[in-house]
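A.B. asks: got a predicted structure here, sequence first:
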Amino acid sequence: MTSTQAVRERQSGVKTMAQAIAATLDQEMARDDRVVVIGEDVGKRGGVFLATDKLFDKYGPDRVIDSPLSEAAIIGAALGMAVYGLRPVAEIQFADYVFPGFDQLVSQVAKIRYRSGGAFTAPLVVRMPAGGGVRGGHHHSQNPDTHFVHTAGLKVVYPSTPSDSAGLLRSAIRDEDPVIVMEPKRLYRSVKEAVPEGDHAVEIGKAAVRREGDDVVLVSYGGSMAETLKAADALTEQGIGAHVLDLRSLQPWDETAVLEAVARVGRVVLVSESPRSAGFMAEVSATISEEVMDSLLAPPLRVTGFDTPYPYVQDREYLPSPNRILKAVERALTY
Amino acid sequence: MIREWQGFQPFTDEPIRLIGDGGEWLGPFELDLEPEKLKGFYLDMLAGRLIDDRLGRLQRQGKTSFVAPSAGHEAAQVGLAHAVRKGHDWVFPYYRDVSLLLALGMPVVEFAGQSLGTMADTARGRQMPYHPGSAELNVFTVASPIASHVPPAVGTALAMKLAGRSQVTVCSFGDGATSEGDWHAGVNLAGAQGAPIVFACQNNGYAISVDLKKQTGSDTIAVKAHAYGMPGYLVDGMDVLASFLVAREAIERAREGVGPSIVEFVVYRYGGHSSADDDSRYRARQEVELWRRRDPLDRYRRFLERRGLWDEDAEQRARAEIDAQLVEGIRQAQEAGTVPLEWMFEDVYAQMPERLVRQREELLG
C-alpha cells in the first residue's frame, strides 16, 4: 500500500479490527474520565496486538496501567476499580491465559451484584484475543467462550468485523454489568472496513443478518464468520440460498432472530470453533429443538472445533472449514 | 524516650506488645487517648464476644446454618476498626470479622439479618451467614473463596489514587489466605503500584486444621512483606492498643502516599473454625487454655482498672446493656420476614434478561 493510500483510508475511517478497538478506547477515555485500561503491555507497548496503541502517551500511567504479569491481579483489580466507581477495561493478552484470573471472574466479578443485593456492581470490560488460525498451538488458540456463558452474571460478546468490534466495545464500556469481549485474533488485521465515527454502538444481544436466503440457515459468530460466509457464497453459486446470522453476542444471545429464521426455513447449521461437547451451539441447538421443533425439516446440525486440545500442526484443520460447513448443509438439505 | 519516638519498627522478632499480662502499660511513649476512647475499645470487644454466644445459640436451634466465631480475635479486629476512617476508607473483610464489622458501625440487625437471610439482610438473602457487606460503610461484601477479595481490594486502592480523596483500603484475612495465588497477585500489584492499602492478617495459627508450619516455611507472615517491598509489622493481636496503634500508623502511612504495608496480628481462635468444625481432632485442650490466659478482654480490662476507668459494676452494666442490644437486634432481624421467592432471579444483571424472566415464570408458574 502506498502512503497516500494509507492516509486516504485513515481519513475515510477505514480500519482493521485492532485499529477500531484502539480508536474506540481512545474515544471512550476522552469522553469519560472513569474509563481506565489495565493489562500486560498495554502501556508503552500499546498491547501485543496494538489494541491499546498510543493510549499511554495520551492518558498516562494512572489511566493506562501496565500490570504485573498476573491475570488474577488484572481482573481482580479491575473489579475493585469498578466497585469503587471507575469503568475499567482489562486486557488479557490471550484468552488462553485467562484461567489464573478465572476465579476472579467466576467468584467475584460475576457474583458481586447478586451477592451484595445490588449494593456493589461491576461495570467492567475484559477484552481477550481468542480463537485459532494463527499457528499458536493450544496455548494461543483456544476459544473458552462457553465457560463464560455458563457463568451467570457475565455478558459475553464476540464480534467478527471492525465495525462491530468498535460498536460492541462501546456498548460494553457503557453497560452496567461485566462484559467479556472476545476478539477473533485471526481477523485483527486481515479485514478492513469503514468504521462509523462518533457514538456508533451495537446493542448487546442482537444478531446481524449477513446474507438473506430461504434454503438453509447458517448461524455463527466471531472468527468462524469468515468461513461461514465463504460457504454461503459457494452455496449461492450452486443456487442455494443461505440465510446467515452473525450472533455477535453469546450472553444474552438473540433467540428471536435464530428461532424466526429457523422456523421460516426449517434447516439450520450451527458453526462455532469451540469444542463440540457442551459447547455454545449445543445450547442453541437445544433451544431450537424446544421451541420450533414442528418447523424443522432436518435436525439442527453442528460444525465445530473438535473435542481435542487445540492442535499446532493441524491449526486450520481443527477450525470449521467452508468444506465441512458445506457437507453439513448437504446433509441438512437431503435429510 | 518519648521525644525520640519514630514510630513502630517493622520485622521485629517478637510481636509488638503495649499491654502486659497484668494490664500494665509497656509502651515506650505516653498514651494519648481519651478515657471514652479507651473504654470504647472494651465495649466493642465485649459486643464481639457476646454476639458469638447469641448467634451460636440460634445456630444450635437450627435458625441459622453457620457461625464463624471471632472469640480470641476481638482485639485485632476492634483495634483495626478504630484505626479506619469509618465510611471514608474501604474495608475488605473476611468471614471471621464480626467484631470488626460491629465496631465499624454495622447495626446488629443488619449483621443478624444477613445471617438469618431475612428482609433485614441488605444483601437480600443471597449468601450464607457471616458474609455481610455495606455500601454505606464502604465494606465490601464477604466472599467465601479465600483471598479472592485481595486483588479487588487493591483495585479500590488504585482507584483512590486516581480519585485523590485521601482514602485507604484495609484488606483483612487469615493466615491460610497467604498461601493463595490471589493473595500474591494482589499484594504484588499493590507493591508495584504503591497502592494506599494495608493488608491485615489475623494469624490464629490454623487454617481450619492445618497449622502455620504446614502453611508456610516463613517464620512469620509479616516477613513476607519484605519481598513485596513494603514494611511488615508483627503485632500482638490480643492487645487492643498495640493492634490499634500499629494499624493506625500503617493506615496513615498509606494515606500520606508512602505506600502499602502488611500488619500481622498474632491471635488465637478459641472455638472451632466454624459451627461445622470439631477442633478437638487437631489441637489439644491445654493449648486452647494456654491462649485463653492471654485473653484480650481480660487483659485490657485489667489495663482499664489500673487507670480507674473500669470496675465490676461497670462490667455488669456494660454486659447487660450490650446483650440487650444484641437480643433486640436479633429479634428485629428474625421478625423482618422472609425474602420473596422471586428475589432469587434479581440482581443477576442490571436488567433481567428474557431467559431469566421465563425461568422465573417456570418456578412461580
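C.D. replies: The structure has been received and is ready for your questions.

A.B. asks: so who does whichever residue of the stretch 201-335 of chain A sits closest to chain B touch?
C.D. replies: Taking Cβ to the nearest Cβ as the measure, the stretch 201-335 of chain A has residue A:252 as its residue closest to chain B, at 4.6 Å. In short, each C-beta sits where N, CA and C put it, glycine included. In this structure, residue A:252 makes contact with A:155, A:204-205, B:353-355, judged by Cβ atoms under 8 Å, 6 or more residues apart in numbering or on different chains.

A.B. asks: repeat that for 10 Å
C.D. replies: Under the criterion of Cβ atoms under 10 Å, 6 or more residues apart in numbering or on different chains, the neighbours of residue A:252 are A:149, A:155-157, A:204-206, B:349, B:351, B:353-356.

A.B. asks: in a markdown table: these, plus distance to residue A:70.
C.D. replies: Compiled in a markdown table, the contacts of residue A:252 are given as follows (distance: Cβ to Cβ, whole Å):
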| residue | distance to residue A:70 |
| --- | --- |
| A:149 | 25 |
| A:155 | 24 |
| A:156 | 23 |
| A:157 | 25 |
| A:204 | 28 |
| A:205 | 32 |
| A:206 | 35 |
| B:349 | 28 |
| B:351 | 33 |
| B:353 | 32 |
| B:354 | 37 |
| B:355 | 34 |
| B:356 | 33 |
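
A.B. asks: pLDDT value on the residue of the stretch 201-335 of chain A closest to chain B, please?
C.D. replies: The per-residue pLDDT reported for residue A:252 equals 98.

A.B. asks: for residue B:356, see how far away it is.
C.D. replies: Distance, residue A:252 to residue B:356, by Cβ to Cβ, to the nearest Å: 9 Å.

A.B. asks: okay, and the common contacts of these two?
C.D. replies: Common neighbours of residue A:252 and residue B:356 are listed as residue B:349 (criterion: Cβ under 10 Å, 6+ apart).

A.B. asks: helices - which of the contacts of residue A:252 land there?
C.D. replies: Using DSSP state H, the members of the contacts of residue A:252 that fall within helices are A:149, B:354-356.

A.B. asks: and the strands in the chain, which stretches?
C.D. replies: I'll assume chain A. A:14-15, A:35-39, A:64-66, A:87-91, A:125-130, A:155-157, A:179-184, A:193-194, A:208-211, A:216-220, A:242-246, A:249-251, A:268-275, A:301-305 (DSSP state E).

A.B. asks: the intended chain is chain B.
C.D. replies: Listed in chain order, the strands of chain B (DSSP E) span B:90-92, B:169-174, B:197-203, B:206-207, B:210-211, B:232-236, B:261-266.

A.B. asks: quick one: the helices in chain B?
C.D. replies: Going by DSSP H, chain B shows helices at B:35-60, B:74-83, B:98-104, B:108-116, B:150-163, B:181-193, B:212-215, B:224-227, B:240-255, B:285-292, B:296-306, B:312-335, B:354-364.

A.B. asks: got the CA coordinates for the fourth one in PDB?
C.D. replies: The C-alpha coordinates for helix B:108-116 follow below in PDB (Å, rounded to 0.1, in the frame of the first residue of the first chain):
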ATOM      1  CA  VAL B 108     -26.700  -5.700  64.900                       C
ATOM      2  CA  VAL B 109     -30.000  -6.100  63.000                       C
ATOM      3  CA  GLU B 110     -28.100  -6.000  59.700                       C
ATOM      4  CA  PHE B 111     -25.400  -8.500  60.700                       C
ATOM      5  CA  ALA B 112     -28.000 -10.800  62.200                       C
ATOM      6  CA  GLY B 113     -30.400 -10.200  59.300                       C
ATOM      7  CA  GLN B 114     -27.600 -11.400  56.900                       C
ATOM      8  CA  SER B 115     -27.000 -14.500  59.000                       C
ATOM      9  CA  LEU B 116     -30.700 -15.300  59.100                       C
END
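
A.B. asks: and it, what other elements does it pack with?
C.D. replies: In terms of contacts (3 or more Cβ pairs under 10 Å, 6 or more residues apart in numbering or on different chains; DSSP states H and E), helix B:108-116 is packed against helix B:35-60, helix B:98-104, helix B:312-335.

A.B. asks: swap in the fifth one?
C.D. replies: Identification of packing neighbours for helix B:150-163 by 3+ Cβ pairs under 10 Å, 6+ apart yields strand A:35-39, helix A:71-84, strand A:87-91, strand B:90-92, strand B:169-174, helix B:181-193, strand B:197-203, helix B:240-255.

A.B. asks: give the buried residues for it.
C.D. replies: Neighbour counts over helix B:150-163 (16 or more other Cβ atoms under 10 Å in any protein chain shown) mark B:150-160, B:162 as buried.

A.B. asks: so what does the closest residue to residue B:98 other than its chain neighbours have for phi and psi?
C.D. replies: The shortest distance from residue B:98 to any non-neighbouring residue, by Cβ to Cβ, 6 or more residues apart in numbering or on different chains, is to residue B:70 (4.9 Å). Main-chain torsions, residue B:70, degrees, to the nearest 10: phi -100, psi 10.

A.B. asks: so which of the helices of chain B comes closest to residue A:325?
C.D. replies: Smallest distance to residue A:325 across these (Cβ to Cβ): 27.6 Å, for helix B:354-364.

A.B. asks: how about the closest one: buried residues?
C.D. replies: Of the residues in helix B:354-364, B:356, B:360 count as buried by neighbour count, 16+ other Cβ under 10 Å.

A.B. asks: now swap in stretch A:65-80 and tell me
C.D. replies: Taking 16+ other Cβ under 10 Å as the neighbour-count basis, stretch A:65-80 is seen to contain the buried residues A:65-67, A:70-80.

A.B. asks: quick one: contacts for residue 249?
C.D. replies: As the question left the chain open, I've gone with chain A. With contact set as Cβ under 10 Å, 6+ apart, residue A:249 has these partners: A:155-159, A:164, A:168, A:171-172, A:179, A:202-207, A:221.

A.B. asks: I was thinking of chain B, sorry if that wasn't clear
C.D. replies: When contacts are counted by Cβ under 10 Å, 6+ apart, residue B:249 touches B:7-8, B:83, B:198, B:231, B:233, B:261, B:263.

A.B. asks: and it, how close does it get to residue B:83?
C.D. replies: In this structure, residue B:249 and residue B:83 are separated by 8 Å, where distance is defined by Cβ to Cβ.

A.B. asks: hey, what's in contact with both of these two?
C.D. replies: When contacts are counted by Cβ under 10 Å, 6+ apart, residue B:249 and residue B:83 are jointly contacted by B:198, B:263.

A.B. asks: I am finished for the moment; much appreciated.
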